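Asker: model the structure of this input:
(one chain, ligands or ions: 2)
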Amino acid sequence: MPVGPKRDRTLYGIGKKRGHLHRYTWVRWGVGIVFTIAVAALPLLDVLRFDMWAGRHVVLGEQVGLVQAAKAFVFPFLALNVGIIVASRFLGRWLCGFVCPVGNLNRLAEWIRWRFKSLRARVAAGSLLTLVNFVMAAITFSFWVDWRVFTEGSPRAVAFASIFLFGMTAAFTGLVVWVGMRFCRGFCPSGVYFALLGPDTRTGVEFAHPEACTECKACEAVCPVDLKPTEMATGEMRAGIGFYPDGMTNYANCLRCGDCVVACEATTARNEAPVPLRMGVLPVPDDDADGAAAPAGPAEPGRAGGGDAERPAARATSEAAP
Ligand code: SF4
Ligand code: SF4
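Answerer: Ligands and ions are numbered 1, 2, ... in the order given. Below you'll find the predicted structure:
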């Protein structure tokens, strides 16, 4: 079960060896911060917010009724979901690996767990995590309740608002500390929905250079959803877990988090040979070379990554991927 001590130990070793944040982490946090600011701007700039306390719903700076505010929320939300469906169908679960705020907070909680050993450092880092969770809860709160409830509301309204705000902070913190990546692996409803949409995609992890593999298994040790990254295209499907049924493809289950590639880069850093694993656009399988849009998903046994091992062109495309 990689989610847990084994994953923690391996990530700790990799982080210590590298000594700085990996480029995937920078991308993840950059995307997360931009996404969070964009969502926070909606209620803070009065673009769209509800007020379930006093009914002062706002759309584009104007106070409106609940139905009008709901319409302003539902239609863009549906359009966004259509975009997500199309993107997930053809590209896979990049949202899970690089955008989802819950995933990012889970990773922050994991990092604190394996990075800090002394009680003092853990308390300081844990306080920072709680503060981040409070900010997330406050953004959600701003979307549904006017902050004036704390100055103008009745004692009962203030009590409800406080329970909402601090209860959410506690729930977020409990989720990321005690459940963490197990939530992503088995129980996130959005993850199941994304996985069902993208059983075969044109992007993901590729065992591009099997000849350079040292069989260290670090990639398996860190995979948060128990996949074998060297067998993405050829291996057995993961058994059902949590809300996930049996028999879903490896490409459907893969979060596109890149942890296996990070581990592989670290363990083969001193080797002359190319990094065995890569993540990005998958090569076109040989039998698809005429340009037909056949899926690149699970390939025939013996065809690692749906193509051959030496792919300078495919490697070049991978450098642009997150
Ligand atoms: S990118 Fe790698 S580590 Fe992440 S879920 Fe996919 S196979 Fe596992
Ligand atoms: S981490 Fe890289 S070198 Fe180690 S087993 Fe996985 S693919 Fe092979």
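Asker: tell me where the model's unsure across this protein.
Answerer: 1-2, 287-322 (pLDDT under 70).
Asker: ligand 1 contacts on that one?
Answerer: 205, 222-225, 227, 229, 254-260 (C-beta under 6 Å from any ligand atom). For glycine as for every other residue, the C-beta is placed from the backbone atoms N, C-alpha and C.
Asker: just flag the most distant two among these.
Answerer: 222 and 256 (14.1 Å; C-beta to C-beta).
Asker: picking that back up, include distance to residue 50, secondary structure and neighbour count when you put the residues of the chain next to ligand 1 into CSV, please.
Answerer: Below are the residues of the chain next to ligand 1 laid out as CSV (distance: C-beta to C-beta, whole Å; DSSP: H, G, I helix; E, B strand; the rest coil; neighbours: other C-beta atoms under 10 Å):
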residue, distance to residue 50, secondary structure, neighbour count
205, 41, strand, 29
222, 41, helix, 25
223, 40, coil, 24
224, 34, coil, 24
225, 35, coil, 24
227, 40, coil, 22
229, 43, helix, 26
254, 36, coil, 27
255, 32, coil, 26
256, 33, coil, 23
257, 33, coil, 25
258, 37, coil, 26
259, 37, helix, 28
260, 41, helix, 26
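Asker: can you give me the neighbour number for residue 261?
Answerer: 24 (other C-beta atoms under 10 Å).
Asker: please shift the residue numbers so they start at 21 in all later answers.
Answerer: Sure, I'll start numbering at 21, so the last one becomes residue 281.
Asker: hmm, residue 298 and it touching each other?
Answerer: Yes: counting by C-beta atoms under 8 Å, residue 281 does reach residue 298; the two are 6.3 Å apart.
Asker: common neighbours of these two, please.
Answerer: Common neighbours of residue 281 and residue 298, using C-beta atoms under 8 Å, 6 or more residues apart in numbering, are residue 225.
Asker: now do the contacts for the nearest residue to residue 133 once chain neighbours are set aside.
Answerer: Excluding its sequence neighbours, the residue lying closest to residue 133 (C-beta to C-beta, 6 or more residues apart in numbering) is residue 28, at 6.2 Å. Shown in contact with residue 28 (C-beta under 8 Å, 6+ apart): 130, 133-134.
Asker: got it, and residue 211?
Answerer: Going by C-beta under 8 Å, 6+ apart, residue 211 touches 113, 116, 204, 275.
Asker: again, only this time at 7 Å
Answerer: Residue 211 sits next to 116, 204 when contact means C-beta atoms under 7 Å, 6 or more residues apart in numbering.
Asker: quick one on the thing from earlier: which SS state does the residue nearest to residue 133 fall under?
Answerer: helix (DSSP: H, G, I helix; E, B strand; the rest coil).
Asker: tell me how far it lies from ligand 2.
Answerer: Applying C-beta to the nearest ligand atom, to the nearest Å, the value for residue 28 to ligand 2 is 17 Å.
Asker: now swap in residue 178 and tell me
Answerer: From residue 178 to ligand 2 the distance is 53 Å (C-beta to the nearest ligand atom).
Asker: and if you look at residue 298?
Answerer: Separation of residue 298 from ligand 2 (C-beta to the nearest ligand atom) stands at 10 Å.
Asker: pairing partners for whichever strand or helix holds that residue, with directions?
Answerer: For residue 298, the element it lies in under DSSP states H and E is strand 297-301. Applying DSSP bridges, strand 297-301 is found paired with strand 223-227 (antiparallel).
Asker: then the strand it pairs with to CSV, C-alphas only?
Answerer: C-alpha atoms of strand 223-227 as CSV (Å, rounded to 0.1, in the frame of the first residue of the first chain):
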residue,chain,number,x,y,z
THR,A,223,-1.5,11.5,-22.6
GLY,A,224,0.0,9.9,-19.5
VAL,A,225,3.0,8.0,-18.2
GLU,A,226,5.1,6.1,-20.6
PHE,A,227,7.8,3.5,-19.9
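Asker: got the contact list for that strand?
Answerer: Under C-beta under 7 Å, 6+ apart, the answer for strand 223-227 is 111-112, 249-250, 252, 271, 274, 276, 280-281, 296-302, 324-325.
Asker: so residue 159 sits against residue 60, correct?
Answerer: Yes: applying C-beta atoms under 7 Å, one finds residue 159 in contact with residue 60, separated by 4.6 Å.
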